[in-house]
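Student: how would this look folded up:
(2 chains)
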Amino acid sequence: MSNPAFNPPVRFTRLVLKVNAFLLVALLLAAAFLGLVAYKQGWFIKHTTVHFLTPNALGINPGMPVKLYGFTVGSVRELDIVTNGVDVRLSIMSDHLGRIPKGTLAKFTREAGVIGASVIDLIPPKGGGQPLEAGDRLAFEGSRNINEIIDDLRKQLVPAFNELKGVLADMAKSKDDVTGSLSLMRQEMQVLPETHAALRRLLANTDRAVVELSRQAGATLKAAERASDTAERAAGNIERAVPVLAGKLSTSLDSLDAATGQLRKTAEEAQDTLRRARPILDRGETAAREAGEVMTAAKRVWPLADAFKENGDRMLAIDSFEASPVR
Amino acid sequence: MKHAFLAALLLAGCASPPPPAQPVSQSRLAEAEARAAAAVRSGDHPGAARFYEDALRIAVSIESPDAIAENAINLSIVAQWLGHDAEARKALATILDNRRAAFPEKRLLQAELRRAIVELALKNPAEAAAWAQRAEKRCGSSCEHAATILNVQAQIALESNQSREAARLAQSAGERARSRSDRAETANALRTLGRARVYLGEYAQAIDALRQAFAIDRDLADPRKIFADLTELSRASAAAGDRQSADDYRDRAIAVGRALNDGRSITEIEAQVRRP
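Tutor: Okay, here's the model as predicted:
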């Protein structure tokens, strides 16, 4: 019995070549995938390592973003325990190194105030300087704990409350003055129409007196024989009118002067109160803005997000404009 | 194994029972309301009216007083936007003529106020005054609609040729609206005050008030109100003898009216602007 010669099936001709081609394509695809991953991960970007020392590395993890002006410029590369603390190495993209001068402070912070992702924020010194070089050491400021935040808030609020207390005390003290001023002002305001009327009467009287004087003078010229008598009468009239007119004018001016004085005083008091209230308003505005930021951040955090689902009002606004003839 | 069991136990602790399933009618009602609101936001007023009608029908079918009132009021508002004042009144009758359902006080107040607005739009100042008075009584001294009620009353006074009273009410409405930072009603009050001042012959003050209303409405970017402000400014300037400003405001009003594209013809818009 002899073994028949092995004849590979026709369909497997050039099998080795086909297998090799398949393997080559697979290898190329795997390499392209790895290349893409490496590109996306930034492995082709040149990085420079700088570092800082911290007494404890609580909250700092490898991979944590390092930001400059809110823009990610690198990440935390590794942490090593050393004597008296932890050495934290930061991997910074070399392209951005020119914008980070020596003396830059690395600060552990959160993106949205108290709540939010932790980052290392780079704060360059004012005035700039020489750019960082590989291996440089940065100054570091750790995160504030909740007690420090509350203490800071208290420090900010205490002067505001003291000022508020002062203003309230001043208002309490000047309560009678304010009431008195308002009362006087009201009285003066009530008198103003009378003063106005008196002034108008005065002007009318003066006008009449001038007309009378003119008429009398004309008569004097026409009747020479009665000149002395008429002149005497005219002089007598003027003599009687002038003190009366002067008295009315003086009273009116006094009233106006008093009213103006009161108004000025009230305006000064109001201005002073506003000046005192200004810092409180400013601080209140800042506190409200910060509280708003904290709430916005809290709304984004997963465990709290459900508690802030917005409940939109389904009612359309009732607008009196719809009654308007021009719609 | 023990750790896996503990982990599973921990996860079970985090789990919560599923919320109870909403009845079909309730979900259909919510869907119709949501669609109507979306149509309003996109400016599709006929679509909004259809969805509010659907929502109202569903609300009536499940006897939900709050939902009935809410959708009837919304339907009346949209009907007025479409220029169908009579249909707006009919929608409000669902609430105001219904003696059986116990509607919340707030909804009754809103319906009465809306009825006053619709009656005034239908040129029935006496009816409008009666409904406004009912709303005012229900509102008390400081409800959220106090400024709107005063504005409606000011317009009623103006329609009844009581310009001095209209000015007084509009001023009160403006103060009330400002205290609630309600800019829309503040502008409405200033517009009515301006109209009242024109009737009183106080043209400078009228133009000042109307300009303030115009500034607010432009901030609010409400084209219908901008159109109304420009129209009133044109009339006030003409009454004050400033022909050039009157023409300028009139041309701007016509341009805004054309851009509104709300179904009115150009002739109608021009006639409304030129109306004395």
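
Student: Confirm for me that B:Leu56 is in contact with B:Ala91.
Tutor: Yes - using Cβ atoms under 8 Å, B:Leu56 and B:Ala91 qualify as a contacting pair, with a distance of 7.4 Å. For the C-beta atoms, the positions are set from N, CA and C on the backbone; glycine is no exception.

Student: Need the residues touching each of these two.
Tutor: B:72, B:75 (Cβ atoms under 8 Å, 6 or more residues apart in numbering or on different chains).

Student: Would you tell me whether stretch B:47-67 gets close to chain A?
Tutor: No - applying Cβ under 8 Å from any Cβ of the partner chain, one finds stretch B:47-67 out of contact with chain A, separated by at least 9.0 Å.

Student: quick check: mean pLDDT across that stretch?
Tutor: Throughout stretch B:47-67, pLDDT has a mean value of 92.

Student: now what about stretch B:157-165, what contacts it?
Tutor: Residues outside stretch B:157-165 that contact it (Cβ under 8 Å, 6+ apart): B:120, B:123, B:125, B:129, B:166, B:169, B:192, B:195-196, B:199-200.

Student: Please repeat the previous calculation with a cut-off of 7 Å.
Tutor: Contacts made with stretch B:157-165 from outside it, assessed by Cβ atoms under 7 Å, 6 or more residues apart in numbering or on different chains, are listed as B:120, B:125, B:166, B:169, B:192, B:195-196, B:199-200.

Student: Now B:Gln153: which helix or strand?
Tutor: For B:Gln153, the enclosing helix or strand under DSSP states H and E is helix B:146-159.

Student: I'd like the next helix or strand past the helix or strand harbouring B:Arg50.
Tutor: Per DSSP H and E, B:Arg50 falls inside helix B:45-61. Of the helices and strands lying after helix B:45-61 in sequence (DSSP H and E), the nearest is helix B:65-81.

Student: which other helices and strands contact that following helix?
Tutor: helix B:45-61, helix B:85-96, helix B:105-121 (3 or more Cβ pairs under 7 Å, 6 or more residues apart in numbering or on different chains; DSSP states H and E).

Student: now the last one against helix B:146-159, angle please.
Tutor: Using axes from the mean of the first three to the mean of the last three Cα atoms, to 10 degrees, the direction of helix B:105-121 lies 20 degrees away from that of helix B:146-159.

Student: go on, the first one?
Tutor: Orientation of helix B:45-61 against helix B:146-159 (the same axes, to 10 degrees) gives an angle of 120 degrees.

Student: Give me the contact list for the helix holding B:Arg50.
Tutor: Here helix B:45-61 has contacts from B:25, B:28-29, B:32-33, B:35-36, B:39-40, B:67-68, B:71-72, B:74-75, B:78-79, B:81-82, B:94, using Cβ under 7 Å, 6+ apart.

Student: can we see that at 8 Å?
Tutor: Helix B:45-61 has contacts (Cβ under 8 Å, 6+ apart) with B:25, B:28-29, B:32-33, B:35-37, B:39-40, B:67-68, B:70-72, B:74-75, B:78-79, B:81-82, B:91, B:94.

Student: and the stretch 151-276 of chain B, which residues reach chain A?
Tutor: The interface of the stretch 151-276 of chain B toward chain A, taken as Cβ under 8 Å from any Cβ, is made up of B:151-152, B:155, B:173, B:184-185, B:188, B:191, B:224-225, B:227-228, B:231-232, B:272.

Student: How is chain A divided into domains?
Tutor: The record, using automatic domain parsing to delimit domains, assigns chain A the ranges A:47-143, A:169-302.

Student: Among those, which one carries the weakest average confidence?
Tutor: Among the domains of chain A, domain A:169-302 carries the lowest mean pLDDT, at a mean of 58.

Student: Need the three-state assignment for A:Ser75.
Tutor: strand (DSSP: H, G, I helix; E, B strand; the rest coil).

Student: Roughly how far does it sit from A:Pro65?
Tutor: 6 Å (Cβ to Cβ, to the nearest Å).

Student: what's the answer for B:Leu120, then?
Tutor: Using Cβ to Cβ, which is the criterion applied here, B:Leu120 is 61 Å from A:Pro65.

Student: do the same with B:Ala126
Tutor: If you go by Cβ to Cβ, the gap between B:Ala126 and A:Pro65 works out to 70 Å.

Student: One more: A:Leu79?
Tutor: In this structure, A:Leu79 and A:Pro65 are separated by 15 Å, where distance is defined by Cβ to Cβ.

Student: which residues of the stretch 51-200 of chain B score low on pLDDT?
Tutor: Flagging of the stretch 51-200 of chain B using pLDDT under 70 yields an empty set of residue ranges.

Student: Please confirm that B:Glu127 is located within a helix.
Tutor: Yes - counting by three-state DSSP, B:Glu127 is located in a helix.

Student: what's the closest non-adjacent residue to it?
Tutor: B:Glu119 (4.1 Å; Cβ to Cβ, 6 or more residues apart in numbering or on different chains).

Student: which residue is nearest the centroid of chain B?
Tutor: Averaging the C-alpha coordinates of chain B gives a centre point, and the residue nearest to it by Cα atoms, centre = their mean is B:Ile77 (6.5 Å).

Student: Mind giving me the packing neighbours of the one helix or strand B:Asp251 maps to?
Tutor: When elements are defined using DSSP H and E, B:Asp251 is found to belong to helix B:243-260. Contact partners of helix B:243-260 among helices and strands, from 3 or more Cβ pairs under 8 Å, 6 or more residues apart in numbering or on different chains; DSSP states H and E: helix B:223-239, helix B:266-274.
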